[in-house]
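Trainee: Sharing a model that was predicted from the sequence below.
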Amino acid sequence: MSSLIEQAKQKAAYQAVDEHVLPTHRVIGVGSGSTVVHVVARLLQRDPELNAKTVFIPTSFQSRGLLLDGGLTVGDVEQYPDIDVTIDGADEVDAQLNAIKGGGAAHLQEKVVAEAAKKFVIVADYRKDSKVLGEQWLKGVPVEVVPFAWKAVLKKLQEQGSKDAKLRMAVAKAGPVVTDNGNFIIDAPFGLIHDPVKCLRDIKLITGVVEVGLFCNMAEVAYFGCEDGSVTIRTK
Ligand SMILES: O=C(CO)[C@H](O)[C@H](O)COP(=O)(O)O
């Protein structure tokens, strides 16, 4: 395996799957991102008969592809509004298990699938472990917005104190990133976020905002893969 970071992601993902995906579970939410690749790899190592009795709820085009490529059955929250457990990555997690998500622009579906679950578990490597949000993740809070309102929302975010807020631009396409839901993303840095609940509320009240990449009071436990090969578990 290539790097310490990749090993850390794998360790956290494998341990979280082993400890939280139970044989009795029938509906499992699967987040998005590079750490979740290891979550799916571990799910595929389970007893195939068990996986055949289980429906997996993806949170993006990416995770849907991972699940389908593995031959797993996928569903959605319309069919399965009661999820046993959802496991997802994060961009940063604070001491209270509040998280910044949306680095992969998938936080709208991720939040719906996390909220529909009895238990929400975060998996991450050591770079994501913070006391206060905004310590490590400097790109800002990802905010999904309806396209026609992006400039108006950007202005409001700047008025709320994020003077460097900007529209996320695509890399291999001219123009902005377009989410799986057909929306745009604004990345809004607020420095250290000591009160993430207030920050979330303030942003969500801006008309044109679809969802904010602040996941407050949602995770029950976070697994951090460490540089020395160990895994740190943080619970509420
Ligand atoms: O929120 C997310 C996507 O919207 C991801 O979970 C987050 O960006 C972490 O990704 P990675 O595991 O690749 O570091």
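Mentor: Arrived safely.
Trainee: Could you list the contact residues of this structure toward the ligand?
Mentor: Residues of the chain found near the ligand, taking CB under 6 Å from any ligand atom as the criterion, are 31-35, 88-91, 101-107, 110. (Glycine included, C-beta is placed from N, CA and C.)
Trainee: all helices of this protein, in order?
Mentor: For the chain, helices defined by DSSP state H occupy the ranges 4-20, 34-43, 48-52, 61-69, 107-115, 150-159, 196-204.
Trainee: Out of those helices, which one sits most buried?
Mentor: helix 107-115 (a mean of 24; mean count of other CB atoms under 10 Å).
Trainee: what's the pLDDT at the residue of the chain positioned farthest from its centre?
Mentor: No residue in the chain sits farther from the centre than E49, which is 28.3 Å out by CA atoms, centre = their mean. E49 is assigned 97 on the pLDDT scale.
Trainee: Check what pLDDT S2 gets.
Mentor: The model reports S2 with a pLDDT of 65.
Trainee: Tell me where this structure has strands.
Mentor: Listed in chain order, the strands found in the chain under DSSP state E are 27-30, 55-58, 73-74, 83-88, 92-93, 99-100, 117-125, 141-145, 166-167, 184-188, 209-212, 214-215, 221-225, 231-235.
Trainee: so of these, which one's packed in deepest?
Mentor: Taking mean count of other CB under 10 Å, strand 99-100 is the most buried of the strands of the chain, at a mean of 28.
Trainee: thinking again about what came up before, among the helices of the chain, which comes closest to P81?
Mentor: helix 107-115 (9.7 Å; CB to CB).
Trainee: other SSEs contacting the closest one?
Mentor: Helix 107-115 is packed against strand 27-30, strand 83-88, strand 141-145, strand 209-212, strand 214-215, with contacts defined by 3 or more CB pairs under 8 Å, 6 or more residues apart in numbering; DSSP states H and E.
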